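Peer 1: next comes the sequence, and after it the predicted model I'd like to discuss.
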Amino acid sequence: MKLISVNVGTLRDLVWKDRTVTTGIFKEPIAGRVKVKALNIEGDRQADLTVHGGTEKAVYLYPSEHYAFWRDELPEARLSWGAFGENLTTEGLLETQINVGDRLRIGNVEVVVTQPRMPCSKLAAKFDRDDLIKRFLDSRRSGFYLKVLKEGEIGTGDEIELLSRDAGNITITELVGLQADKQKDFDLMRRAANVEALAAGWRKKFLQQLAERG
């Protein structure tokens with residue numbers, strides 16, 4: 001497993017559906033080593049901190065393996081590393097294989113997987129496609145967020161080491177399915193809610209749905 005690219009971006013305004021939104025989704029690869037802190041990668045910005053950033057979404061990781069799929073799906077788009085707003089473009093870390101709660105070491109930084117990335121309107125705005133939110137969700141190629149457990153430095157080419165697997169054994173793909181599928185798997189929700197590293201918002205949502213079911 002390897003770090004292919006480190007990507008950061010500043011804030012910029014984007015006109016979408018006759019209104020201007022401020023976004024940090026435009027990321028570009030950077031050279032050299034960079035500090036990773038509890039809330040973000042040095043030099044990176046997030047616009048709406050109510051839904052982006054914070055300790056549970058400090059770093060967004062996206063597998064490089066998905067780019068071939070999207071180049072076929074979006075032939076008109078310019079898809080360089082960081083195109084989907086990810087901070088880390090990686091090799092060997094697929095959503096079907098990574099569990100929420102898994103701990104990783106990248107460079108001398110230690111992180112834990114907290115949740116999938118759910119597509120938002122700013123992704124659609126960046127690509128100027130109304131249908132991209134649904135296509136992104138349906139593809140199950142979500143990428144995932146990381147919480148920083150140990151601050152440090154990372155750089156392109158760093159090896160990624162799996163330090164531990166979460167005993168709950170719930171993959172990122174399964175979590176995306178809980179969000180996307182109409183037929184809910186309440187047993188999986190219950191198991192997911194017990195994973196300590198799961199982001200608080202996801203846990204709250206699962207517990208509410210379980211309570212409503214009775």
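Peer 2: Noted; the coordinates are in hand.
Peer 1: any chance you could map the helices in this structure?
Peer 2: Listed in chain order, the helices of the chain (DSSP state H) span 67-73, 121-127, 132-139, 172-180, 186-193, 200-213.
Peer 1: can you list those helices in CSV and add mean pLDDT?
Peer 2: Putting the helices of the chain into CSV (pLDDT from 0 to 100) gives the following:
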stretch, mean pLDDT
helix 67-73, 97
helix 121-127, 90
helix 132-139, 94
helix 172-180, 93
helix 186-193, 95
helix 200-213, 93
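Peer 1: need those helices in a markdown table with mean neighbour count, can you?
Peer 2: Every C-beta, even on glycine, is put in place using the N, C-alpha and C of the backbone. A markdown table is the format used below for the helices of the chain (neighbours: other CB atoms under 10 Å):
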| stretch | mean neighbour count |
| --- | --- |
| helix 67-73 | 13 |
| helix 121-127 | 19 |
| helix 132-139 | 16 |
| helix 172-180 | 20 |
| helix 186-193 | 15 |
| helix 200-213 | 14 |
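Peer 1: Gly85: which of those is closest?
Peer 2: helix 121-127 (6.8 Å; CB to CB).
Peer 1: by contact count, what packs against that closest one?
Peer 2: Using 3 or more CB pairs under 8 Å, 6 or more residues apart in numbering; DSSP states H and E as the contact criterion, the elements in contact with helix 121-127 are strand 12-16, strand 19-23, helix 132-139.
Peer 1: format those as JSON lines; extra columns: distance to Trp70.
Peer 2: Rendered in JSON lines, the data for the helices and strands packed on helix 121-127 read as follows (distance: least, CB to CB, whole Å):
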{"stretch": "strand 12-16", "distance to Trp70": "20"}
{"stretch": "strand 19-23", "distance to Trp70": "19"}
{"stretch": "helix 132-139", "distance to Trp70": "8"}
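Peer 1: indicate which one of the ones you listed is closest to Ala31.
Peer 2: Taking CB to CB as the criterion, strand 12-16 is the member of those that comes nearest to Ala31, at 21.3 Å.
Peer 1: flag every buried residue along that closest one.
Peer 2: Neighbour-count burial for strand 12-16, counted by 16 or more other CB atoms under 10 Å, picks out Leu14.
Peer 1: centre of the chain to it, how far?
Peer 2: Here strand 12-16 shows a centroid-to-chain-centroid distance of 22 Å under the convention CA atoms, centre = their mean, to the nearest Å.
Peer 1: now for that strand, which elements pack on it?
Peer 2: Under the contact criterion of 3+ CB pairs under 8 Å, 6+ apart, the helices and strands touching strand 12-16 comprise strand 19-23, helix 121-127.
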